[in-house]
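Mind looking at a prediction? Sequence and model below.
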Amino acid sequence: MVRRMITFLAAVSLLLVLSPPAQAAAQAETYVALGDSAAAGPLVPNPVLPDLGCLRSDRNYPRLTAQAIGAATFRDVTCSGADTTDMYQRQNTELGSVPPQLDALSQDTTLVTVHIGGNDVGLTGFIEDCLNLLPPPIGDACNDDYVENGQDTWRVKTDALRPRLTQLVADIRARAPQARIFMVGYATYAPPNGCYPRVPIIRADANYIRATLMYFNRMLAEQAAGAGVGFIDLQTPSVGHDPCTSPGTRWIEPYIPAAPAAPFHPNALGMRNFATVVTAAVTGALAKS
C-alpha cells in the first residue's frame, strides 16, 4: 500500500512538472489589442497616456483582460475613431496623430484581439441619425433613408467590408505568426421595439438598428470563421444591458449618458463584463490548443 502511494505521488509530481497550470501558460502571453472606440472606452475614467486623442481608458476590456490572464507583455493601441485603414496608416486625432495599429505587432506576439469595422460603415453616426425627439407623424423614421434602388445601403457597406477584414487577418498573421487571433463583435444597442421616449428612437427605427447590427455581427463571425480565427460575441451577453435599461444595469450608455462614457458606447460596468467574456474566450481557446 505504501509503495503504491509513493508511486502515485511520484507520478503526480512528474505530471505537474511536465504540464504547467493554465495560469502559468497564460502569463507568457504577449497580448496586443487592436480596435476602435468600442474597445478603447472613450470617457471611461481614466484616460491613458500617451495618445490622449485616442480616448483610451485604463479600464477598458483589453486592459482588464490582460490583467486577468496575467499577460507578460501588453500593448493597447485601440483608438477612438479608428477604421480598417488606421490599421495600416497613421490616424489623426484631435490631439495629434498615432502610429498604424499593426505596428504594435511583432514576431513574439501570441494573442491579438481586433475590434474594428464599425467606423468603416458609420455605426455611431447611423444610430445618432435615428434619434427622433418627436414621434411620427411629426418626426420622420430614419430607416427609409438607408434604402436606395431597393437596396439597404447599410448592408451593402457591411458586405463591402468582408474582403478588407479577410486581408486584415492575413496581415496580422504575417506580422505575428505565433498569435492566436480573435475578432470581437459589437454589443446590443437596441432591444426589440426600443424604449421611446427614454431613448428617443422610434420603434421601427429601433428594430432596424437591431436588425442591421445583428447582420453586421453575423458578417464579422462569418469572416472570422472563414479566416480561421476566433470570434467573440458581445451581442448575446449584453442582451438586457442595452441603453434602454437603467443605470447600474446597462453596459452601453444612451445618447445622454448617466455614467462616464461616450454616447452609445460601453461604460465601466460594460467594460468589466466584456472583459469577463473576452477572458473566458481567450483562456478557453488556450486550454484547447
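Structure received. Numbers count the residues shown, from 1 in each chain.

Need the pLDDT of residue 135.
At residue 135, the pLDDT value in this model is 71.

Kindly indicate whether it is helix, strand or coil.
Three-state assignment for residue 135 (DSSP: H, G, I helix; E, B strand; the rest coil): coil.

Residue 210 belongs to a strand, doesn't it?
No. Per three-state DSSP, residue 210 lies outside any strand segment and is helix.

ok, it to residue 279 distance?
From residue 210 across to residue 279, the span is 27 Å (C-beta to C-beta, to the nearest Å). For the C-beta atoms, the positions are set from N, CA and C on the backbone; glycine is no exception.

Tell me which stretches of this structure form helices.
Using DSSP state H, the helices assigned to the chain run over residues 2-18, 22-26, 37-40, 61-69, 123-129, 153-160, 162-175, 203-227, 268-288.

Pick the most deeply packed of those.
helix 37-40 (a mean of 29; mean count of other C-beta atoms under 10 Å).

Distance from it to the middle of the chain?
7 Å (C-alpha atoms, centre = their mean, to the nearest Å).

Now do it: everything it contacts.
33, 54-57, 60-62, 78-82, 113, 115, 118-119, 124, 184, 186-187, 262, 265-266 (C-beta atoms under 8 Å, 6 or more residues apart in numbering).

hmm, back to that, got CSV for the helices of the chain, with mean pLDDT too?
Shown next, in CSV, are the helices of the chain (pLDDT from 0 to 100):
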stretch, mean pLDDT
helix 2-18, 37
helix 22-26, 41
helix 37-40, 98
helix 61-69, 98
helix 123-129, 85
helix 153-160, 95
helix 162-175, 98
helix 203-227, 96
helix 268-288, 93
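
now these in JSON lines, with distance to residue 251?
What follows is the helices of the chain, written out as JSON lines (distance: least, C-beta to C-beta, whole Å):
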{"stretch": "helix 2-18", "distance to residue 251": "39"}
{"stretch": "helix 22-26", "distance to residue 251": "25"}
{"stretch": "helix 37-40", "distance to residue 251": "11"}
{"stretch": "helix 61-69", "distance to residue 251": "10"}
{"stretch": "helix 123-129", "distance to residue 251": "15"}
{"stretch": "helix 153-160", "distance to residue 251": "23"}
{"stretch": "helix 162-175", "distance to residue 251": "24"}
{"stretch": "helix 203-227", "distance to residue 251": "15"}
{"stretch": "helix 268-288", "distance to residue 251": "3"}
